[in-house]
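Peer 1: coords below, sequence missing:
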């Protein structure tokens, strides 16, 4: 049986040769043949084209696997977490000051009584993360996971520096934490849970730009 892609390729190569000879004999005329020649120069064996496509896809996959390590994911979780909590902290501080001025809170220690911060919903959607605040005074109010409770207690008992922290959480998630400072005192902890899938995606987006 005749191999149709191969016959097509041979025909295009032969046509390209004849067009090239024709242009040599009539310089300056029928310039549209130049366009045809350029088009034909882009023609290649379909089998070779498919092989190159598969090689490129494999190279892309290999590049993704090599680029994304656990340390890189933790570093990215740290970076994204700092961005999130910087915005969230400003919103919380404003809300706490407003509630205190309205006599709805007695002090900044009661920040956990604030039911919600609208900005958190927006941040959760943008970063595909779960964001919570946990209080030293009433940790049960936010129902922290065991891992979150452990870090919260370390912050409270000065067993962990009052600075951002990131670690792996289960198989598909990473946890970022950062102390909540209100009126110049640590009052609790921010918690941001990232999906590993989201962080891998962000790593590859950065790698190819």
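Peer 2: Now that the structure is in, tell me what you want to look at. Here the structure is a predicted model, which is why all the values come from computation and not from measurement.

Peer 1: flag the shaky bits of the protein, pLDDT-wise.
Peer 2: Applying pLDDT under 70 to the chain flags residues 1-67, 207-209.

Peer 1: which parts of it are helices?
Peer 2: Using DSSP state H, the helices assigned to the chain run over residues 4-25, 32-41, 46-67, 70-101, 118-127, 146-156, 196-207.

Peer 1: other SSEs contacting the fifth one?
Peer 2: Which is helix 118-127. Packing partners of helix 118-127 (3 or more C-beta pairs under 8 Å, 6 or more residues apart in numbering; DSSP states H and E): helix 70-101, strand 129-135. All C-beta spots, glycine's among them, are computed from the backbone N, C-alpha and C.

Peer 1: at 10 Å what do you get?
Peer 2: In terms of contacts (3 or more C-beta pairs under 10 Å, 6 or more residues apart in numbering; DSSP states H and E), helix 118-127 is packed against helix 70-101, strand 129-135, strand 185-195, helix 196-207.

Peer 1: strands paired with the third one, and their directions?
Peer 2: The strands that strand 185-195 pairs with in its sheet are strand 129-135 (antiparallel), strand 173-182 (antiparallel) (by DSSP bridges).

Peer 1: got a markdown table for the ones you listed, with mean neighbour count and distance to residue 162 too?
Peer 2: Putting the strands paired with strand 185-195 into a markdown table (neighbours: other C-beta atoms under 10 Å; distance: least, C-beta to C-beta, whole Å) gives the following:
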| stretch | mean neighbour count | distance to residue 162 |
| --- | --- | --- |
| strand 129-135 | 20 | 14 |
| strand 173-182 | 22 | 5 |
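
Peer 1: closest to residue 97 out of those?
Peer 2: Residue 97 lies closest, by C-beta to C-beta, to one member of these: strand 173-182, at 9.0 Å.

Peer 1: now do that closest one against helix 70-101, angle only.
Peer 2: In terms of direction (axes from the mean of the first three to the mean of the last three C-alpha atoms, to 10 degrees), strand 173-182 departs from helix 70-101 by 30 degrees.

Peer 1: switch to numbering from 698
Peer 2: With the count now opening at 698, the last piece we talked about shows up as strand 870-879.

Peer 1: just to revisit the earlier point, in TSV, list the strands paired with strand 882-892 along with distance to residue 777.
Peer 2: Listed next are these as TSV, based on distance: least, C-beta to C-beta, whole Å:
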stretch	distance to residue 777
strand 826-832	8
strand 870-879	7
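
Peer 1: out of these, which gets nearest to residue 864?
Peer 2: strand 870-879 (5.6 Å).

Peer 1: tilt between that closest one and helix 843-853?
Peer 2: Going by the same axes, to 10 degrees, strand 870-879 makes 30 degrees with helix 843-853.

Peer 1: what sits against residue 871?
Peer 2: 767, 770-771, 773-775, 777-778, 826, 863-865, 889-893, 895-896 (C-beta atoms under 10 Å, 6 or more residues apart in numbering).

Peer 1: partner residues bridging it?
Peer 2: Judged by DSSP bridges, the bridge partners of residue 871 are residue 865, residue 891.

Peer 1: any idea how far it lies from residue 894?
Peer 2: Distance, residue 871 to residue 894, by C-beta to C-beta, to the nearest Å: 11 Å.

Peer 1: hang on, the earlier thing: output the helices and strands packed on helix 815-824 in a markdown table, with distance to residue 845 appended to each entry.
Peer 2: Formatted as a markdown table, the helices and strands packed on helix 815-824 follow (distance: least, C-beta to C-beta, whole Å):
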| stretch | distance to residue 845 |
| --- | --- |
| helix 767-798 | 13 |
| strand 826-832 | 6 |
| strand 882-892 | 5 |
| helix 893-904 | 17 |
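
Peer 1: nice, that's everything, thank you.
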